[in-house]
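Trainee: Give me a model of this one.
(chains A and B)
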Amino acid sequence: MSLPRDLLLRAYRQMKTIREFEERLHVEIQTGEIPGFTHLYSGQEAVAVGVCEHLSDQDWIASTHRGHGHCIAKGCDVEGMMLEIYGRREGLCKGKGGSMHIADMTKGMLGANAIVGGGPPIAVGAGIACKIAKRGNVSVAFGGDGSANQGTVFEAMNLAVVLRAPVIFVFENNGYSEHTGASYAVGSGDIAGRARGFGMPAETCDGSDFFAVYDAMAKLLKAARAGGGPATLEAKTTRFFGHFEGDPMLYRAKDEVARHREQMDCLRIFRDRVGKEGWLQSAELDAIDAEVMALIDSSVTKSRAAAPPSAADLLTDVYVSY
Amino acid sequence: MRQISMRDAINEALHLEMARDPRVIVLGEDVSGGAGGTSGQRDAAGGVFGVTKGLLPKFGEDRVIDTPISESAIIGAANGAALAGLRPVAELMFADFLGVCFDQVFNQAAKFRYMFGGKTSCPIVIRAATGAGMNMGAQHSQSMYAMVTGVPGLKVVVPSNAYDAKGLMLTAIRDDDPVIFFEHKALYPRKSAVPEGDYTLPFGEANLVREGEHVTVVAIGRMVSFAEKALDALAGDGITADLLDPRTLSPLDDETIYESLDNTGHLVIIDESPPRCSVAADIAGLVASNAFHALKAPIVQLTPPHTPVPFARELERAYVPGPQSIEAAIRKMLKESRAAS
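Mentor: Here you go, the predicted model:
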């Protein structure tokens, strides 16, 4: 059965926006204009969007160091994000956070996070707030296969089960924690199985297929919103770039990224499916592509020209009052 | 003598000590890298900063251990291995990740010997990349050495150059107590003259980097090279200083600071960590208690402001003390001191 047209169009727009945002950053970073270290999300778009298309601004997500995709999928302002990554005063976090610390509480986005395993306990807290408010809202903890090996994540999972907190733990298994393969670092290799061991339902899905992620999430969310407690989704996916920009990726087979771009490109898979089913026309998707390219282009142009923070900004925002 | 980078100097120390002492093991995330990868290439990272490159091919997987991202388990396992007779060098990657594993550092490693009545020792080295200057943001740029310096039972090393780093690393691995070894990211590529063989530098012995008469400058880690630049600029005006690099913050060679102050009467401390409860504040307190009468002017502590490390280039530059702010602070201090006398 087809999803509503407007949902399909929005999901495609979101995935395309993430893709072009990241592909453009990959180019712009080489100019040296962008400070710091950047971790790109290209390849994993179907996970962020397949999850976040179920969420409203009143639902929460906690993100990771590879957070741009989650931010866009959750509705963060794209231009504000680009400005932030350039370290500009008008950025979403005034240029104080940068790529690894983009947050927007008004969108239910609890923050990207530079500590692996930092986010899931925070997501449980937001889940507790949802449970107390009794409006059927939920909290989602994004993490990678690397985070599945952090003690903080196990503690968060157990606490969510104990409290029956409405939290969905989404593990994006892209095969690598930094420069080390998941097949080495994740004992048993079965992240969903670990979640079941904590006493929560868990699904595994193809993270390059928007529909697979969307459907798996729908099932888990239905129970969580109805008071059924936490659940876990393990999405098998890939990243098209290195751990960070500049990573020579010596640990990956030379043709792996090209092969994955050929076989696991969630945008192509989405377009093929909606075309074959006759749900959407190629022309309307092409029109979205053009709009997205224009948005990314204008965001970069504006960010390049934008003013940096002033010296006085260094001292503000440490406390609410002091 | 040949010039090598601080990265290579530490790497050389690890090679030397692993070859000399079979009890030494190295463990941490990506210390080799490539395990479970699709290229089949091991040693694909050699540490995210390349400091442990080449250890795996030489010493094998039993002694060069790639771990999952599990800081508490990394440091805890290092502790256990040390109690059981090994001499682990654990890599934490970024010093900020002390936040994830602090129990194993300050409740466990630091206290075993005392709690157990001196019946054991915990000879671990925790290597951690420290400091701002690369726009890595608030959770990857901190200088956290004050936090561990305040914990009895831990030793704390902050090298300022390649030569010191090699000698101090060899001392650290041979030391029977837990040592936290802070390596400034911005210093990794910086080269200096380093002998090829084995040599150690003692803990608790400050290095007198240069001698002078008007002011005593105590600088930590990366701040040493900034202080040198400031002093180069001041030399034109006939202002000279004793520049002291403590090298180890615990134990701290405070005696050398007092001796220098007997000659200069003026103290400037430059520290990259925030001002409250910092090493700068600690040294100022020691001097106020033990060498007050040597002082001809109030002590100057030059540190970042009491804020997290900001991301934007302009803000981070303003945050970290630099050669210009150091030069200005010394000029201001001497001018005010002259006016008062």
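Trainee: burial count for residue 322?
Mentor: If you meant another chain, say so; for now it's chain A. Counted with other Cβ atoms under 10 Å in any protein chain shown, the neighbours of residue A:322 add up to 5. Where you see a C-beta, it was placed from the backbone N, CA and C, and this is true even at glycine.
Trainee: That was the other one, I meant chain B.
Mentor: Using other Cβ under 10 Å, residue B:322 has 18 other residues around it.
Trainee: what's the answer for residue B:219, then?
Mentor: Residue B:219 has 28 neighbouring residues, counting by other Cβ under 10 Å.
Trainee: Let me know the pLDDT of it.
Mentor: For residue B:219, the model assigns a pLDDT of 98.
Trainee: do the same with residue A:1
Mentor: Model confidence at residue A:1, expressed as pLDDT, equals 61.
Trainee: Got the phi and psi for the residue of the stretch 151-300 of chain B found nearest chain A?
Mentor: Using Cβ to the nearest Cβ, residue B:274 is the residue of the stretch 151-300 of chain B that sits closest to chain A, at 9.9 Å. Phi and psi for residue B:274, reported as degrees, to the nearest 10, are phi -60, psi 160.
Trainee: residue contacts, it?
Mentor: When contacts are counted by Cβ atoms under 8 Å, 6 or more residues apart in numbering or on different chains, residue B:274 touches B:303-307.
Trainee: now with 10 Å?
Mentor: The contact partners of residue B:274, by Cβ atoms under 10 Å, 6 or more residues apart in numbering or on different chains, come to A:318, B:142-143, B:146, B:280-281, B:303-309, B:319.
Trainee: what's the answer for residue A:48, then?
Mentor: So residue A:48 contacts A:14-15, A:18, A:41, A:61, A:63, A:66-74, A:142, A:170, A:172, A:207, A:213, A:235 (Cβ under 10 Å, 6+ apart).
Trainee: Distance check, it against chain B.
Mentor: 21 Å (Cβ to the nearest Cβ, to the nearest Å).
Trainee: quick one: secondary structure of that residue?
Mentor: Counting by DSSP: H, G, I helix; E, B strand; the rest coil, the backbone at residue A:48 sits in helix.
Trainee: Repeat that for the one 3 residues further on.
Mentor: Classification of residue A:51 using three-state DSSP returns helix.
Trainee: try residue A:280
Mentor: Three-state call for residue A:280 (three-state DSSP): coil.
Trainee: Might you report the residue contacts of it?
Mentor: With contact set as Cβ under 10 Å, 6+ apart, residue A:280 has these partners: A:2, A:5, A:8-9, A:12, A:270-271, A:273-274, A:288.
Trainee: what about the strands in chain B?
Mentor: Applying DSSP state E to chain B gives strands spanning B:3-5, B:24-28, B:64-66, B:87-94, B:125-130, B:155-157, B:179-184, B:191-193, B:207-210, B:215-219, B:241-245, B:248-250, B:267-270, B:300-302.
Trainee: Can I get those strands in TSV including distance to residue A:116?
Mentor: Shown next, in TSV, are the strands of chain B (distance: least, Cβ to Cβ, whole Å):
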stretch	distance to residue A:116
strand B:3-5	28
strand B:24-28	13
strand B:64-66	15
strand B:87-94	10
strand B:125-130	15
strand B:155-157	25
strand B:179-184	20
strand B:191-193	32
strand B:207-210	36
strand B:215-219	33
strand B:241-245	34
strand B:248-250	28
strand B:267-270	33
strand B:300-302	34
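Trainee: Serialize those strands to CSV and add fields for distance to chain A.
Mentor: Formatted as CSV, the strands of chain B follow (distance: least, Cβ to the nearest Cβ, whole Å):
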stretch, distance to chain A
strand B:3-5, 18
strand B:24-28, 11
strand B:64-66, 6
strand B:87-94, 8
strand B:125-130, 12
strand B:155-157, 22
strand B:179-184, 16
strand B:191-193, 21
strand B:207-210, 29
strand B:215-219, 22
strand B:241-245, 27
strand B:248-250, 25
strand B:267-270, 18
strand B:300-302, 15
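Trainee: and residue A:311, which of those strands is closest to it?
Mentor: Taking Cβ to Cβ, strand B:300-302 is the member of these nearest to residue A:311, at 16.6 Å.
Trainee: Other residues contacting the closest one?
Mentor: The contact list for strand B:300-302, computed with Cβ under 10 Å, 6+ apart, reads B:215, B:217-219, B:223, B:226-227, B:230, B:266-272, B:275, B:278-281, B:283-284, B:321-322, B:325-326, B:328-330, B:332-333, B:336.
Trainee: For the spatially most central residue of chain A, give its distance to residue A:259.
Mentor: For chain A, the residue sitting closest to the mean C-alpha position, by Cα atoms, centre = their mean, is residue A:70 at 2.8 Å. For residue A:70, the distance to residue A:259 equals 26 Å [Cβ to Cβ, to the nearest Å].
Trainee: so residue A:292 touches residue A:22, yeah?
Mentor: No - contact between residue A:292 and residue A:22 fails when scored by Cβ atoms under 10 Å: they sit 12.0 Å apart.
Trainee: Who has more neighbours out of those two?
Mentor: Ranked by neighbour count (other Cβ under 10 Å), residue A:292 and residue A:22 place residue A:22 first, with 26 against 21.
Trainee: tell me which element that one falls in.
Mentor: Secondary structure assignment for residue A:22, by DSSP states H and E: helix A:5-29.
Trainee: quick one: average pLDDT of that helix?
Mentor: Helix A:5-29 comes out with an average pLDDT of 98.
Trainee: one step back: quick one: which of the strands of chain B is nearest residue B:36?
Mentor: Residue B:36 sits nearest to strand B:64-66 of all those, at 8.8 Å, using Cβ to Cβ.
Trainee: contacts for the closest one?
Mentor: For strand B:64-66, contacts defined as Cβ under 10 Å, 6+ apart pick out A:179-181, A:184-185, B:14, B:18, B:25-36, B:42-46, B:52, B:54-58, B:74, B:77-78, B:81, B:88-90.
Trainee: Just the buried residues out of those, in ChimeraX syntax.
Mentor: Buried members of the contacts of strand B:64-66, defined by 16 or more other Cβ atoms under 10 Å in any protein chain shown, are picked up in ChimeraX with:
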select /A:179,180,181,184,185 /B:14,18,25,26,27,28,29,30,31,32,33,34,35,36,42,43,44,45,46,52,54,55,56,74,77,78,81,88,89,90
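Trainee: Can you name the residue of chain B nearest chain A?
Mentor: Closest point on chain B to chain A, by Cβ to the nearest Cβ, is residue B:36, at 2.4 Å.
Trainee: hang on, that residue packs against residue A:182?
Mentor: Yes - using Cβ under 10 Å, residue B:36 is in contact with residue A:182, at 6.5 Å.
Trainee: so what's in contact with the two at the same time?
Mentor: Here residue B:36 and residue A:182 share the contacting residues A:175-176, A:189, scored by Cβ under 10 Å, 6+ apart.
Trainee: Output the contacting helices and strands for the longest helix seen in chain B.
Mentor: Taking DSSP state H as the criterion, chain B has its longest helix at helix B:323-340. Packing contacts for helix B:323-340, counted by 3 or more Cβ pairs under 10 Å, 6 or more residues apart in numbering or on different chains; DSSP states H and E, involve strand B:215-219, helix B:223-235, strand B:267-270, strand B:300-302.
Trainee: Put together JSON lines for the ones you listed, with distance to residue A:114 on each row.
Mentor: Compiled in JSON lines, those are given as follows (distance: least, Cβ to Cβ, whole Å):
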{"stretch": "strand B:215-219", "distance to residue A:114": "28"}
{"stretch": "helix B:223-235", "distance to residue A:114": "24"}
{"stretch": "strand B:267-270", "distance to residue A:114": "27"}
{"stretch": "strand B:300-302", "distance to residue A:114": "27"}
